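Novice: Sequence first, then the predicted structure:
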Amino acid sequence: MDPLEVVLRQQLQAPEGPWQPTALRHAAVLCPLQVLAAEDHLVFVVRSTSLRQHQGQIGFPGGMREGDESPIDCALRECEEEIGIPASTVQVFGSLPPRESSSGILVHCLVGRIPALPLQTDPREVARVLQIPLRDLLDASRWQERQPPSTATGRQPRSSPHFDFDGELLWGLTARFVRDLALALQSGR
């Protein structure tokens, strides 16, 4: 087991958890870690501008619960649909606490490692993939707390963590999940 996996398995909630009870709709995302050039990266999708909600925003592969599937099944299905990573090849380490989205959906975030396979995006949902080194995301000096962009939709909080990566802006729910992951990693070191 690599050191990052050990820390994540100790600090995250059990991955097999059920959906948190709520009157809200449920969705799940996968926070995918991938080794590129011998370094851990988080893999994000840049959402297609043709989508109804959150067009052009950076997020994790994920989507709405279907039928009676579990949070893991939902996150892995969506990851396979959006970036072409077979569910059987993902090693899930655990989950972060669920969070409510600006559109009134309770989102469960699973954290796992995906293999260093070529990513095959679904162009109906994903404009492109963004891979950011984990070390950059763990650098607290790179983050700012500020108001959501003027293009934000839904019920937005007054402020959100923002991370600029070569002109790409990570903010909102996905940024909150990344900050939750950073806190979990800091607690375990």
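Specialist: Cool, the structure landed.
Novice: low pLDDT regions in the protein?
Specialist: Low-confidence segments of the chain, defined by pLDDT under 70: 49, 51-55, 149-157, 189.
Novice: In it, mark out all the strands, start to finish.
Specialist: With strands called from DSSP state E, the chain shows them at 25-36, 39-47, 58-59, 62-64, 91-100, 105-113, 126-133, 143-146, 160-165, 168-170.
Novice: Dump the ones you listed to CSV, plus mean neighbour count and distance to Cys79.
Specialist: For the C-beta atoms, the positions are set from N, CA and C on the backbone; glycine is no exception. Below are the strands of the chain laid out as CSV (neighbours: other CB atoms under 10 Å; distance: least, CB to CB, whole Å):
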stretch, mean neighbour count, distance to Cys79
strand 25-36, 21, 5
strand 39-47, 20, 9
strand 58-59, 21, 12
strand 62-64, 19, 8
strand 91-100, 18, 10
strand 105-113, 24, 9
strand 126-133, 16, 11
strand 143-146, 13, 25
strand 160-165, 18, 21
strand 168-170, 16, 18
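Novice: wait, Glu66 sits on Glu81?
Specialist: No: using CB atoms under 8 Å, Glu66 is not in contact with Glu81, being 10.8 Å away.
Novice: Looking at these two, which one has more neighbours?
Specialist: In this view Glu66 and Glu81 are compared by other CB atoms under 10 Å, and Glu81 has more residues nearby, 18 against 11.
Novice: Please list all residues in contact with Gln144.
Specialist: Counting by CB atoms under 8 Å, 6 or more residues apart in numbering, Gln144 touches Pro161, His162, Phe163.
Novice: let's see 10 Å
Specialist: Ser159, Ser160, Pro161, His162, Phe163, Asp164, Trp171 (CB atoms under 10 Å, 6 or more residues apart in numbering).
Novice: How far off centre is the longest helix along the chain?
Specialist: Ranked by residue count and defined by DSSP state H, the top helix of the chain is helix 172-187. Remark: helix 172-187 is offset 10 Å from the chain centroid, using CA atoms, centre = their mean, to the nearest Å.
Novice: Okay, buried residues for that helix please.
Specialist: Under the neighbour-count criterion of 16 or more other CB atoms under 10 Å, helix 172-187 has 172-182, 184-185 buried.
Novice: Between these, which sits nearest Leu96?
Specialist: Asp180 (4.6 Å; CB to CB).
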